[in-house]
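# Fold the following.
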Amino acid sequence: MLEYLHVIFWFAFIEILGLISLPLAGIAGNRLADRGHSAARTLGIVLVTYMAWLFSYIWGFSRSTILVSVLLLGLISIIFYRKHGILPEKKVLLSNELVFAAGFFFFLFVRMYLPEIYRHEKFMDFAFLNAVMRTSSFPPADPWFAGESLEFYYYLGYLSVGVPGKLLSVEPSILFNLAIALIFALSFNLLFGFGYNLTNGKIKFGVLTALSVILLGNLQGFKEFLTLYLVKEPIPMGYYWSSSRVIPYTINEFPYFSFIHGDLHSHVIAIPFQLLVLAFLLNIYLRKDSKRVFENVPTLLIFSISLGFLFPSNSWDFPVYFGLLCAVTFAFYYGHYIRNKSLSGSITGFLGTIILVSILSLLPYLPFYLSFKPQAAGGFDFVPPELRTTFREFLILFSLFLFLTFSFLMTRLESRRKIKYFILWIGISAFLAGEWDIPLLIVLLPLFVLSLYSFLKDLPERSNTGFVSLLIAAAAFVALFCEVVFLDDPISGSFARMNTVFKFYMHLWVFLAIAASYSYYQLYFRYRTRPENSFPSNTVYGKKVWMVSLVLLVLSCSVFPVVATFTRIEDMNTKPALDGMEYMKGLDRGDYDAIRWMQENIKGTPVILEASADDSSYRYTSRVSANTGLPTIIGWARHERFWGRDHDEIRTRLEDVNSIYSTSSRKKALELMDKYNVSYVYIGQLERQMYDIRTDKFEDETYFELVYQDSVRIYKVKNEF
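Okay, here's the model as predicted:
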């Protein structure tokens, strides 16, 4: 019953936050068909999270701070509503409410059959979420490296779901699954808004866009389906996994894989925040009759805070969207130049806008940057030829989207002469692909040139078509970037560019899927109004081939979400629940009861001692710190190395943990615990398996107090010593 109350309060709060934020979303999205309504909930979460985070530097992070932030947002919205009176029509309100509710409850239902916070990197995500929920100041404590903080990580994404969770006192193990359902629903709603706005208010194309981006899979899912159910051969790692590993030695996730996989990673949490900025960029692009990029100061601040939120929530997103801002601002001032014939004024305006937004998107987050010390990245390096993506691999990932976008862009050429030039350019691209040993040039160079041509052609008019062309050009550019350079991080060898592809290919999917949905709308519209000039091939036979190809591609890409959902649920084989810790009752009931006791009785962030090992990553070790957010001496060692911790110190900490448990010397154990300021010693089944524990020293009531006793024992270290 408690779980259902959490769901009701959670959904109601997000709804209230969306309604409160409508006037502000209406200001920033006043040129959109939905007046920014599809962005309101996400904007509300961004603003409340930002204010609660900022106020915490004054009053500390608490429920009171969050409540003050919500009330302040409400007050600001009332002021702007009384001044501007911006609200969407009833049709827009109703359609968005239905879309959000459908997305939320659909994926909440899915999560009920996939609830467990275990395996893969869920322990890491849960540890960060718990650390954010427990902290009273920022940056939060590193739950896997006692004495240090999360100064190396972009933690505001976790804070964005932690803020409503903390305010509503949601159990973290339930919050984890509510958060994934919320992110799905926010993304679904924003994508619906994109389709609605790009087609000037057509609901069915809004739904089509949302379904295309969020639910479709790639052709690998169809291939694996044939292997599993027709050829009857087993698939390593299960059905759904290989669809995200099409390019060898990399990760190429797409939205539905990420959601069905269920890791609450930063790049997943950030999807609605990316789409929020993208919606505001579309609004700017459509403002053709204005003298300034931003109509007023509130619009400038709303956009800047939303853009600035990307870096502290998932830093890889910021450069992509800042690049789009530059392109949209260029388009705006190009129109200014056409109207006023003032080159210097346009250049000054462009540079001034970019500098101003840069300052206003970075300055509000200055406390984050002052403590941010990333150590995992060491510059860029060039991709060796043997690691580059092949043409076949790229088609497996993006065939449907490429088919539609190329079909649409070809109609933009409008003359046989231009088509001949384009065919010549394809030949040149094929030659360069062979000469430079970059196979994707054969598709990416034509796509980039064709979309850039369409974008530049649209500059005087600045229509939806031009913005979609910009998205296609951005996708082609990002894909080319991934074929040339990669971020140099601790992962080396064949996996060197894994994270670069992992982070940037999500942008490719979002941009190309939105563009493909719009392309279908345009081709459908042309076919209805001008059937003689609707497709690249105007023959009856050519149109039939085109339609059959499209249907086959759509059906093939629709296999993954259906089969992956049912096979994941079947593999999980669990009773419906929202509590992500339920699995632990069967795995180790002693751990479950002890951790629940710790969640309820231990306040603040005292250091705990629990088992760890050099090969602890992706294992059950660090389960106490992960499920409570309490810092431990050393958690997943491999991950801490990747994040830049000193390797020698990690080794020392592992040795010290072993010594504390195993030594018979009470003095040595106390000295080591004092070194790390340990407050609680946890002894469960895992600790007994990993260490030769000498428990006598913990029985000395002069130094230790037994605060929990069952199959697990928890000792509190007395302050006196």
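# Could you list the low-pLDDT ranges of the protein?
Scanning the chain for pLDDT under 70 picks out the ranges 1-2, 85-86, 338-342, 376-378, 415, 528-540, 720-721.
# Now do the strands in it.
Assigned by DSSP state E, the strands in the chain fall at 380-382, 485-487, 607-609, 678-683, 704-709, 713-717.
# And these: which comes nearest residue 399?
With Cβ to Cβ, the closest approach to residue 399 among the strands of the chain belongs to strand 485-487: 24.5 Å. In this view, the C-beta of every residue, glycine as well, is placed from N, C-alpha and C.
# now that closest one, how far from the chain's geometric center?
Put simply, strand 485-487 sits 20 Å off its chain's centre (Cα atoms, centre = their mean, to the nearest Å).
# so who does the residue nearest to residue 9 when sequence neighbours are not counted touch?
Closest residue to residue 9 apart from its sequence neighbours, by Cβ to Cβ, 6 or more residues apart in numbering: residue 168 at 5.2 Å. Counting by Cβ atoms under 8 Å, 6 or more residues apart in numbering, residue 168 touches 6, 9-10, 13.
# Any chance of a PyMOL selection covering the buried ones in those residues?
PyMOL command restricting these to the buried ones, with burial defined by 16 or more other Cβ atoms under 10 Å:
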select buried, resi 6+10+13
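# Include distance to residue 552 when you put the contacts of residue 168 into JSON lines, please.
Listed next are the contacts of residue 168 as JSON lines, based on distance: Cβ to Cβ, whole Å:
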{"residue": "6", "distance to residue 552": "43"}
{"residue": "9", "distance to residue 552": "46"}
{"residue": "10", "distance to residue 552": "41"}
{"residue": "13", "distance to residue 552": "44"}
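# Got the phi and psi for the residue nearest to residue 9?
Backbone torsions of residue 168, given as degrees, to the nearest 10, read phi -90, psi 0.
# Quick check: it vs residue 63, distance?
Residue 168 sits 9 Å away from residue 63, going by Cβ to Cβ, to the nearest Å.
# And residue 161, by the same measure?
Taken as Cβ to Cβ, the span from residue 161 to residue 63 is 15 Å.
# Looking at those two, which is more packed in?
Between residue 161 and residue 63, residue 161 has the larger neighbour count (other Cβ atoms under 10 Å), namely 25 against 13.
# May I ask you to confirm that that one is in contact with residue 128?
No: under the contact definition of Cβ atoms under 8 Å, residue 161 does not touch residue 128, with a separation of 10.8 Å.
# Okay, helices next: where are they in the stretch 201-350 of the chain?
With DSSP state H, counting those that start in this stretch as the criterion, the stretch 201-350 of the chain has helices at 203-214, 219-229, 255-261, 266-269, 271-285, 297-308, 310-313, 317-340, 343-362.
# Residues contacting the first one, please?
With Cβ under 8 Å, 6+ apart as the contact definition, helix 203-214 has outside contacts at 95, 99, 103, 184, 187-189, 191-196, 198-199, 255-256, 259, 509-510, 513-514, 516-518, 520-521.
# In contact with the closest residue to residue 607 other than its chain neighbours: list those residues for me.
Distances taken as Cβ to Cβ, 6+ apart put residue 146 closest to residue 607, at 4.4 Å, once the chain neighbours are dropped. Neighbouring residues of residue 146 by Cβ under 8 Å, 6+ apart: 607, 631-634, 676-678.
# let's see 10 Å
Applying Cβ atoms under 10 Å, 6 or more residues apart in numbering to residue 146 gives the contacts 605-609, 625, 630-635, 653, 675-678.
# Got a ChimeraX select line for the buried ones in these?
In ChimeraX, this line selects whichever of those come out buried by 16+ other Cβ under 10 Å:
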select :605,607,608,609,625,630,631,632,633,634,635,653,676,678
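# Which of the contacts of residue 146 fall in helices?
Counting by DSSP state H, those place 625, 653, 675-676 in helices.
# out of those residues, which one sits closest to residue 288?
Closest to residue 288, out of all of the ones in helices among the contacts of residue 146 and judged by Cβ to Cβ, is residue 625, at 54.2 Å.
# Assess the claim that the closest one and residue 636 are in contact.
Yes: assessed by Cβ atoms under 10 Å, residue 625 is found in contact with residue 636 at 9.4 Å.
# Now list whatever residues contact both of these two.
Counting by Cβ under 10 Å, 6+ apart, the common neighbours of residue 625 and residue 636 are 123, 127, 143-145, 612.
# before we move on, back to that, quick one: the residue nearest to residue 9 and residue 658, what's the gap?
For residue 168, the distance to residue 658 - Cβ to Cβ - is 41 Å.
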